[in-house]
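K.L.:
give me a 3D structure for the following:
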Amino acid sequence: MVSFRNLITGAVALAAPAMAALTSTQIADALKTLTAKSQALQQPAQQISLINGPLIVVGLGPFPQIIAGFSEIITITTATVPQIVATPTFSLDADRKAIADAFREFVRVHQVLLNILIGKAGLFQTVPIIGAPVAATLRQLESIVDAAAYALIDVVAGSNDVPTQATSLAGTIDVAIKSYEGLALTKRENVIPAAAIKAAPIGRRAQMIAA
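P.N.:
Numbers count the residues shown, from 1 in each chain. Just a heads-up that it's a prediction; the model follows:
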């Protein structure tokens, strides 16, 4: 985790004159936005099944929606982290608490989402096409969430339980990444062309992909 802190701090140092400090309310609101987006992804994650999961290869099923949602979270966080880093440490306990409370709720909701995905990974031990794109997105998420956590720890001066929450979230993301990176590769002699899959009825597509 330290490496990401050094990278983000160095990058922001170069851009510091253009960065405006945020208030505790603005930081808390940003975290609440990320929490809401994580919450919204829980339902499609719950809907993942052995039938609709493989449809990711043709851009259908729950996985593309989930990946797009994670990408949005990554984009928002990437834009917000430099502003947090440019924000001086808050001296008032009320400011620190507002941020810590918002971060705690984000971690709780995001971990629920990640744990759903971890559980669903077990359905696809023989469908490696699912593992790669999901793991790639989660690795991007890991990088920016890591940087965000360190930035938040700095602005609250390490108070409250922000460091503990950050460590807990990092651990869950790591488990999720490994769950999808570890999906078993299978040798398939007859690979069905993507065009044929797209031309088939939706109910048949998953069977063709998993065959």
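
K.L.:
quick one: secondary structure of residue 83?
P.N.:
Here residue 83 takes the helix state, with states given by DSSP: H, G, I helix; E, B strand; the rest coil.

K.L.:
which residue, other than its chain neighbours, is closest to it?
P.N.:
Leaving aside its sequence neighbours, residue 83 sits nearest to residue 22 (CB to CB, 6 or more residues apart in numbering; 5.2 Å). Just so you know, the C-beta spots here come from the backbone N, C-alpha and C atoms, and that holds for glycine as well.

K.L.:
okay, which residue is most central for this structure?
P.N.:
Nearest residue to the geometric centre of the chain (CA atoms, centre = their mean): residue 141, 4.1 Å.

K.L.:
how near is that one to residue 84?
P.N.:
Relative to residue 84, residue 141 is positioned 17 Å away (CB to CB, to the nearest Å).

K.L.:
same thing with residue 47?
P.N.:
Here residue 47 is placed at a distance of 34 Å from residue 84 (CB to CB).

K.L.:
okay, those two: which has more neighbours?
P.N.:
Ranked by neighbour count (other CB atoms under 10 Å), residue 47 and residue 84 place residue 84 first, with 25 against 15.

K.L.:
can you tell me how far that one is from residue 137?
P.N.:
Note on residue 84: its distance to residue 137, by CB to CB, is 22 Å.

K.L.:
where does pLDDT dip in this protein?
P.N.:
Where the chain drops to pLDDT under 70, the residues are 1-19, 159, 184-211.

K.L.:
and with 90 instead?
P.N.:
1-20, 54-59, 122-132, 157-160, 181-211 (pLDDT under 90).

K.L.:
please enumerate the helices of the protein.
P.N.:
Assigned by DSSP state H, the chain shows helices spanning 2-15, 24-46, 62-85, 93-121, 128-155, 162-181, 194-199, 202-210.

K.L.:
between those, which one is closest to residue 55.
P.N.:
helix 202-210 (5.7 Å; CB to CB).

K.L.:
ok, and what's touching stretch 35-45?
P.N.:
Residues outside stretch 35-45 that contact it (CB atoms under 8 Å, 6 or more residues apart in numbering) are 62, 65-66, 69-70, 72-73, 76, 102, 105-106, 109-110, 112-113, 116-117, 120.
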